[in-house]
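# Make a model of this:
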Amino acid sequence: MGQTKSRDNEGKQLTVCLSRVWPWVAIIGVIIAAAVIRGRLLSVPFERDEGEYAYIAQQMLKGIPPYVSAYSMKLPGIYVVYALIMTLFGQTHTGIHLGLLIFNAATIFVVFLLAKKLFGSIAAVAAGGVYAVLSITSGVTGLWANAEHFVVLPALVGLLLICNSNGKTGYVRLLIAGLLFGLAFIIKQHGVMFAIFGALYLLYSGLRQEPIPWLKVIISQIIFNAMVLLPFVAVCLFYWFYGTFDKFWFWTFTYAREYAAVIPMDYARELFAYQAKMMYYEGFPIWFLSVFGFFAVVVMKRYRRLAALAAGFFIFSFLAVCPGFYFRNHYFIFLLPAAAILAGVGIAVIDGLYAGTTPMPLRLAITGTIGLIVIGYTLYDQRECLFELSPEDVCRRVYSVNPFPESLQIAEFIRGNTRPDATIAVIGSEPQICFYSGRRSATKYIYTYPLMEPQPYAMQMQEEMIAQIETANPEFVVFVNVSMSWLARPGSVKKIFEWFDSYLLVRYEIVGIADILGNRPTIWRWNNQAAQYTPVSSAFVAVLKRRQ
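Okay, the predicted model is just below:
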């Protein structure tokens, strides 16, 4: 009899130990697996947003702040993040992607912690696994270090600090959480949605207490919102004292407001439908689980106390995707943590169906198998990009004829034929060429999209870009004849193209051509061969050298 009780106690102890240990072992396995996949593709070439962030960060490390080195409508937090990564891992695209790998691993872990705190271990491991997979898919261009990856991490840590079941949050936590939400905002303006959600959730939590502690609710709101504003106020003061506040404000708010008003509602619906359809086909079992989890949180009694938090987080995450109605694929990274947590809830609900009748090891095996099947579908759908193709081929598969792989070779040619203090001009939206070459841009317009948009500053911007290039008289000019580098419209101002034909082609000679053929290898011509070559494709990049 005593031996039976002893065996029963040992079995209970083993079960308790297993229940405590397995979630941590599982999430470490998820993080390692995600790192291995990303590690194979660290050398994937930059896309143009990465090129922008890296070039401006490169100039920051030389002492030239954003909006002085180059114009951009993004707030400066993302450049600071890139500068930190480049300081640690070097000024290369591989180093930046290594930094992304580490940020992604941290985000997976925080998604796990948040889901565990709210919904338990089963939901937590599933949520971490789902986020790891969704955040690496081509549907959200997850392999590239877009700003959205760096926004969600501080926002999630901030949310983790303020979500307490008793509705009470200490002032130190409020200070840190508010600061983190503020940092998310200055990394990208869309992050303000997470800060708004944090403030509303704190207010909701305070008003649910009985009796309502009005003084503490008011003080909490003041502390939290003051800390949210602190990073932005610090940025404004920096540019005020630096003497360039007008440029900073124009690009990040005045022009950004015009940019956000360009997309008509009918076209916005088409953009959203296209992107939603692509993401659905890449991982429809996951999205089914997320919808299932959403309804479970709203309907099921055991989750009802968390309905406002989970549903509100999902709604505000979606709102973060929406500003401007551009619905670019990487914007949907904002939605992934909330979707992953709800998918975790879906898995937890399924696990609960047989929780009381199945031994724990068998139950974990069954639930784990279901989770692996759901996640495995997306991995199988993405198998070519994630496991088979080379980094360059992955870039071409995702970004078509955009000259991202070609930028490396073009920059190498420029670097080998100029002094370190030389200037170059890229006529097109390919700032990665400036970064790779390590040469300063002759113009602060490292994007030409604003010049083509139907907004009141387009002509003024073209004239300023032309004047800057003529004044700098750069050694090399790179002309990008790729439609996606311009996004010209029927009504776009075309003065810059007329200037290129009448001014640059007279003063510069063609010394390089990259004729981009998409599914076939790019045709390269240099020096004398370049001058005599006629591109076969409508997508090509020409390198021009200043005539003696």
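# What pLDDT does the model give residue 430?
Reported pLDDT at residue 430 in the predicted model: 98.
# Share the number of residues neighbouring it, please.
30 (other CB atoms under 10 Å). (Glycine included, C-beta is placed from N, CA and C.)
# ok, it - contacts?
48, 51, 403, 407, 478, 480, 485, 541 (CB atoms under 8 Å, 6 or more residues apart in numbering).
# quick one: low-confidence ranges for this structure?
1-18, 165-168 (pLDDT under 70).
# what domains does the record give for it?
If you go by automatic domain parsing, the domain ranges for the chain are 21-388, 400-546.
# Nearest to residue 394, out of those domains?
Evaluated with CB to CB, the domains of the chain place domain 21-388 nearest to residue 394, the distance being 4.9 Å.
# Endpoints of the closest one, how far apart?
Distance across domain 21-388, first residue to last, is 34 Å (CA to CA, to the nearest Å).
# quick one: that domain to chain centroid distance?
Centre-to-centre, domain 21-388 and its host chain are 9 Å apart (CA atoms, centre = their mean, to the nearest Å).
# Please give me every residue in contact with the closest residue to residue 171 other than its chain neighbours.
Nearest-residue entry for residue 171: residue 223, 6.0 Å, with adjacent residues in sequence omitted and distances by CB to CB, 6 or more residues apart in numbering. Counting by CB under 8 Å, 6+ apart, residue 223 makes contact with 171, 174, 175, 178.
# Secondary structure element holding residue 223?
Secondary structure assignment for residue 223, by DSSP states H and E: helix 214-242.
# tell me which residues in that helix are buried?
Of the residues in helix 214-242, those buried by neighbour count under the rule 16 or more other CB atoms under 10 Å are 217, 220-221, 223-225, 227-232, 235, 239.
# gap between residue 538 and residue 499?
Look at residue 538 and residue 499: by CB to CB, to the nearest Å, they are 21 Å apart.
# To clarify, my last question referred to residue 315.
Computed as CB to CB, the residue 315 to residue 499 distance reads 47 Å.
# The two: which has the busier surroundings?
residue 499 (18 against 12).
# who's in contact with the helix or strand harbouring the more buried one?
Under the criterion DSSP H and E, the helix or strand holding residue 499 is helix 495-499. Defining contact as CB under 8 Å, 6+ apart, one finds that helix 495-499 is touched by 427, 448, 451, 459, 462, 463, 465, 466.
# Would you verify that the last one is located in a strand?
If I follow you right, that is residue 466. No. According to DSSP: H, G, I helix; E, B strand; the rest coil, the state of residue 466 is helix, so it is not within a strand.
# so where do the helices sit in the stretch 401-548 of the chain?
Under the criterion DSSP state H, counting those that start in this stretch, the stretch 401-548 of the chain contains helices at 404-416, 432-437, 449-452, 458-472, 495-499, 505-507, 528-531.
# what's the most distant pair in the contacts of helix 495-499?
Across the contacts of helix 495-499 (CB to CB), the longest gap, 16.7 Å, separates 427 and 459.
# Neighbour count: these two, which is higher?
More crowded of residue 427 and residue 459, by other CB under 10 Å: residue 427, with 26 against 12.
# looking at it, that one is touching residue 474, isn't it?
No. Contact status for residue 427 versus residue 474: not in contact, 10.6 Å apart, counting by CB atoms under 8 Å.
# follow-up on the earlier one: name the nearest of the buried residues of helix 214-242 relative to residue 266.
The shortest approach to residue 266 among those belongs to residue 232, at 33.8 Å (CB to CB).
# Next up, the contacts around the nearest residue in space to residue 401 that is not next to it in sequence.
Distances taken as CB to CB, 6+ apart put residue 539 closest to residue 401, at 4.1 Å, once the chain neighbours are dropped. Residue 539 makes contacts with 401, 403, 481, 482, 483, 516, 518, as judged by CB under 8 Å, 6+ apart.
# would you list the residues you listed in JSON lines and tack on neighbour count?
Compiled in JSON lines, the contacts of residue 539 are given as follows (neighbours: other CB atoms under 10 Å):
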{"residue": "401", "neighbour count": "20"}
{"residue": "403", "neighbour count": "28"}
{"residue": "481", "neighbour count": "20"}
{"residue": "482", "neighbour count": "21"}
{"residue": "483", "neighbour count": "12"}
{"residue": "516", "neighbour count": "24"}
{"residue": "518", "neighbour count": "11"}
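# Could you identify the most distant pair in the residues you listed?
With distance counted by CB to CB, no two of the contacts of residue 539 lie farther apart than 481 and 518, which are 14.4 Å apart.
# got the angle for whatever helix or strand residue 86 lives in vs helix 214-242?
When secondary structure is defined by DSSP H and E, residue 86 falls within helix 77-89. Between the direction of helix 77-89 and that of helix 214-242, the angle (axes from the mean of the first three to the mean of the last three CA atoms, to 10 degrees) works out to 70 degrees.
# Return the list of helices and strands in contact with the helix or strand following helix 77-89.
Next along the chain after helix 77-89, taking DSSP H and E as the criterion, comes helix 93-119. Of the remaining helices and strands, those touching helix 93-119 by 3 or more CB pairs under 8 Å, 6 or more residues apart in numbering; DSSP states H and E are helix 2-40, helix 48-61, helix 77-89, helix 121-134, helix 147-162, helix 336-352.
# one more time with 7 Å
Counting contacts by 3 or more CB pairs under 7 Å, 6 or more residues apart in numbering; DSSP states H and E, the secondary-structure elements packed against helix 93-119 are helix 2-40, helix 77-89, helix 121-134, helix 147-162, helix 336-352.
# What are the buried residues along it?
93, 95-101, 103-105, 107-116, 118-119.
# Now list the buried members of the contacts of helix 495-499.
With neighbours counted by 16+ other CB under 10 Å, the contacts of helix 495-499 contain buried members at 427, 448, 451, 462, 465, 466.
# Take those residues and write them to CSV, including distance to residue 137.
As requested, the buried ones among the contacts of helix 495-499 are arranged in CSV below (distance: CB to CB, whole Å):
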residue, distance to residue 137
427, 33
448, 29
451, 32
462, 37
465, 36
466, 41
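# Residue 327: which of those is nearest?
Nearest to residue 327 among those: residue 448, at 21.8 Å, using CB to CB.
# Spit out the contact partners of the closest residue to the closest one other than its chain neighbours.
By the measure of CB to CB, 6+ apart, the closest residue to residue 448 outside its immediate chain neighbours is residue 429, 5.1 Å from it. Residues in contact with residue 429, defined by CB atoms under 7 Å, 6 or more residues apart in numbering, are 48, 447, 448, 449, 485, 486.
# what's the most distant pair in these?
Going by CB to CB, the two entries of the contacts of residue 429 that are most distant from one another are 48 and 486, at 11.6 Å.
# Compare these two (neighbour count), which wins?
Neighbours were counted for residue 48 and for residue 486 using other CB under 10 Å; residue 48 has more, 25 against 20.
# And that one, how far from residue 148?
15 Å.
# what's the answer for residue 511, then?
Shown here: residue 511 relative to residue 148, a distance of 38 Å by CB to CB.
# More neighbours: the two, which one.
Taking neighbours as other CB under 10 Å, residue 511 and residue 148 compare with residue 148 leading, 27 against 19.
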